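> only geometry, no sequence info:
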C-alpha cells in the first residue's frame, strides 16, 4: 500500500528521479549484459488490474472476453520485444494490514453506494471517474494469466516483498507496478504501469539513486525514511509529534509546498544528520510514542530487508524475520502431505482460497457491486455462506457432532461493520455415509473416486440429486446451471424472468467473440441487473473454492466468467425478459436454441421444486415492479413452476444418493469424456 504521498512527491519535487525509458532498449542492453538469461520483468499484478481493465463497460458485471483479449495483447506486446513477464498476486491479507484493508473496504462501500445512486438517476454507466473494479476481477485475472501460459504466483506473505525479492534474486530487468514501496526496496529498477505506453513500450522508471541525491540521503537510509513517514507497519498517527519537531527544526523553504511535501523534506533532513547505527534506531524508538509495541520501528525497517541483505541500522544478531503464513506449525491442517499440496497449488495459482483456510482458518472477500438499498437480494456473502460452510467442513473434516474449528470470515456486505471477523461453523454436506476425507478426494485414483469428487462438489450446493442431468451437459453449462439453481433456491425474490435472462445468456454467449461483444450497445443500464451480475460472478468464485476443495471434479477453466458470463449481454437479456419479449427475440432468432433453453429451464425448475421452491413470474418492466406479478405468458417462453416455497437463503434440503456419475476431469485439463446428451445443448 506504500508510503502516502511519496509517489507524487517524486514526480513534483524530484523530476530527475523520473526517467522516461524505452523498455525495448533496456531489454537489449540487459541481453548484452546477461547473455545467458532472458530479460524478465516481474509484475505486481494487483497494482495493474485497474490499468488492464480497459473495456468500455465495467458496471454490468464485467466484459470478460474483452478483458481476456486485453491481457493477451499485453502479454504479446512484451513477448514481441523479447521480454518475459512473471505475475505476482497478493495471496493473503497480513494482520498488520487488516485495519487499512477495512478502511479501504468502507471507502469502497461509499463509492459503490454513490454509483448505484447515479445509475438509478440516469439509467446509464457513469464516467471513468467513478470507476469501480468489476467484482472478483483480481481473482479471475490470476486464472486468466495462467490460462494464457504465464508464470503466475500467489504469495504467502506481503506481495511487494515477494516481488522485490524475486526481482533481486533473479536479476530481473525490472519491476512493473505502482507502489511507492518499490522506491524503498534495494532491488531491480522500478517501472510505472500508470505511465506505460504499451504500443511503444515506453514508461517512467523511478530512480532510487536520484531520489536519494535530491533528499541528501543514501540507499541505506531509505527503509528508515519510509518508516518515519508512516507505512503499513508504522501508523501515521504515532508520528505526528515527531513530524512537528522535524518541521520546527527544518521549516519549508518553498511556500508552495503542501504540508506532506514539507514533512517529507523535513524527515529526510532529520535522518541525514543522525549516525547510521543501531543505537540511533533504539533512540528513535524511545522518542516515538510506540506504546507497548516498542519494536514497531525495528519491524518496519526489517520489512524492507530482502533475503541476503544487511542493514547498518540492525545488526545481524538483532534480526528477527517473522514466520510467513506458509508455515505448518500454526496451521489448522495437521496433515503434512495435504498442507504441502495446498501450499504448492496456492503458490502456483492452481486453487482458490484453500490454503488460507487450511493454514490459518481465515478468509476475506472484498466489495462487490451490490445495491445495499435492495433489501430483496441478500448480500452475496450471505447467499453463498451455506455453501462455504459445507466447503469448510470438507476441508477441515468436521464430524457429525459438529466438532470442527470455526472459520474467521471478513466478508463485506451491508450491515457488517468489519470490527471483528465473523466466526463461521463448518457444516457437513448432506452425503449419505459421510463426506470423503481429503486424502481420498485429493490423492486417490479411479472411477469411484472421480464420482465421489463430483458428488461431494454438488452436495456443497445441495444438488447431488441432479447429478445425472448435470453430467449430461457440457462442463461450463453444468457448472453454470449448478450455480443458477443454487441461487434460485437461496434467494426467494428471484423470478422466472431472472431465470430466463440467465439461461438465455449462457446459450447466446457461445460463439460470440470479444469484438462482437464490444459492439453491443445498451439503451439503458438497469441497477438490479448490475446487482445480479455481481452476485453471479461472486458465485463463480464459490464454485472455484468448492472445486479446489473436492479434488477438481471440473477443470478450473470451465468455471471462468469468460465461458459463461458477459455483463452487457446479461443486461440485454435481463431487460428483454422483464419486458416480456418473445422467445424468438430473447434467443436472437436462433431456433436451434429453443429446445436447449426449455431443457435447461426444466432442469433448474425441477431441482428447485424438489426443494420446495416456487419460481414465479414477476416482470419488472423498465426496472420497476409491475402491479400485477402474475399473468398469462407465452407458453413457449414463460411458465410458472409451482410447488411450496422454501425459506430464502437457509438450506433445508436433504441429500439423496447420486446416480451413475461421470467425472468432468481434473484441475486444468480442458478435455472431457463423452457424455450422454440427455439435454440437447449444442457443442460448447
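Arrived safely. Owing to the predicted nature of the structure, the values given are computational and were not obtained by experimental measurement.
> residue contacts, the closest residue in space to residue 186 that isn't next to it in sequence?
Setting aside the residues directly before and after it, residue 186 is nearest to residue 219 in space (Cβ to Cβ, 6 or more residues apart in numbering), at 5.7 Å. In short, each C-beta sits where N, CA and C put it, glycine included. Under the criterion of Cβ atoms under 8 Å, 6 or more residues apart in numbering, the contact list for residue 219 reads 186, 208, 209, 212.
> among those residues, name the ones in helices.
Judged by DSSP state H, the subset of the contacts of residue 219 located in helices is 208, 209, 212.
> list the contacts for the last one?
If I follow you right, that is residue 212. 218, 219, 221, 222.
> could the ones in helices among the contacts of residue 219 be laid out in JSON lines, adding distance to residue 487 and pLDDT?
Shown next, in JSON lines, are these (distance: Cβ to Cβ, whole Å; pLDDT from 0 to 100):
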{"residue": "208", "distance to residue 487": "50", "pLDDT": "97"}
{"residue": "209", "distance to residue 487": "55", "pLDDT": "97"}
{"residue": "212", "distance to residue 487": "55", "pLDDT": "97"}
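> now the contacts of residue 212: which count as buried?
Burial by neighbour count, judged by 16 or more other Cβ atoms under 10 Å, picks out 221, 222 from the contacts of residue 212.
> quick one: mean pLDDT over the helix or strand in which residue 451 is found.
The secondary structure element spanning residue 451 is helix 447-459 (assigned by DSSP states H and E). Per-residue pLDDT over helix 447-459 has a mean of 97.
> then stretch 66-80?
Stretch 66-80 shows an average pLDDT of 98 in the prediction.
> repeat that for stretch 581-596.
Averaged across stretch 581-596, pLDDT comes to 97.
> please apply the same query to stretch 494-505.
For stretch 494-505, mean pLDDT rounds to 98.
> so which residues make contact with it?
Outside of stretch 494-505, the residues that reach it under the criterion Cβ under 8 Å, 6+ apart are 480, 484, 487-488, 529, 532, 536, 564-566, 569-570, 573-574, 576-578, 580, 586-587, 597, 600-601, 604-605, 615-620, 637-641.
> show the buried residues in those residues.
By 16+ other Cβ under 10 Å, the contacts of stretch 494-505 give 480, 484, 487-488, 529, 532, 536, 564-566, 569-570, 573-574, 576-578, 580, 586-587, 597, 600-601, 604-605, 615-620, 637-639, 641 as buried.
> from residue 341, how far out is the most centrally placed residue in the chain?
A centroid search over the chain (Cα atoms, centre = their mean) returns residue 139, at 3.1 Å, as the residue closest to the centre. Here the distance between residue 139 and residue 341 works out to 21 Å (Cβ to Cβ, to the nearest Å).
> check contacts around residue 234.
Here residue 234 is in contact with 227, 228, 296, 297, 300 (Cβ under 8 Å, 6+ apart).
> what about 7 Å?
Residue 234 makes contacts with 227, 296, 297, 300, as judged by Cβ atoms under 7 Å, 6 or more residues apart in numbering.
> which SS state does it fall under?
Local secondary structure at residue 234 is given as coil here, using DSSP: H, G, I helix; E, B strand; the rest coil.
> that's a helix at residue 595, yeah?
Yes: with three-state DSSP as the criterion, residue 595 is assigned to a helix.
> tell me, how many residues neighbour it?
For residue 595, the count of nearby residues is 13 (other Cβ atoms under 10 Å).
> poorly predicted segments of the stretch 301-450 of the chain, please.
Within the stretch 301-450 of the chain, the stretches with pLDDT under 70 are 321-330, 399-402.
> one more time with 90, if that's ok
Within the stretch 301-450 of the chain, the ranges that satisfy pLDDT under 90 run 315-332, 334, 397-404, 432-433.
> how about the strands in it?
Secondary structure of the stretch 301-450 of the chain (DSSP state E, counting those that start in this stretch): strands at 362-365, 407-411, 422-424.
> among these, which comes closest to residue 472?
When the strands of the stretch 301-450 of the chain are compared by Cβ to Cβ, strand 362-365 sits nearest residue 472, at 32.6 Å.
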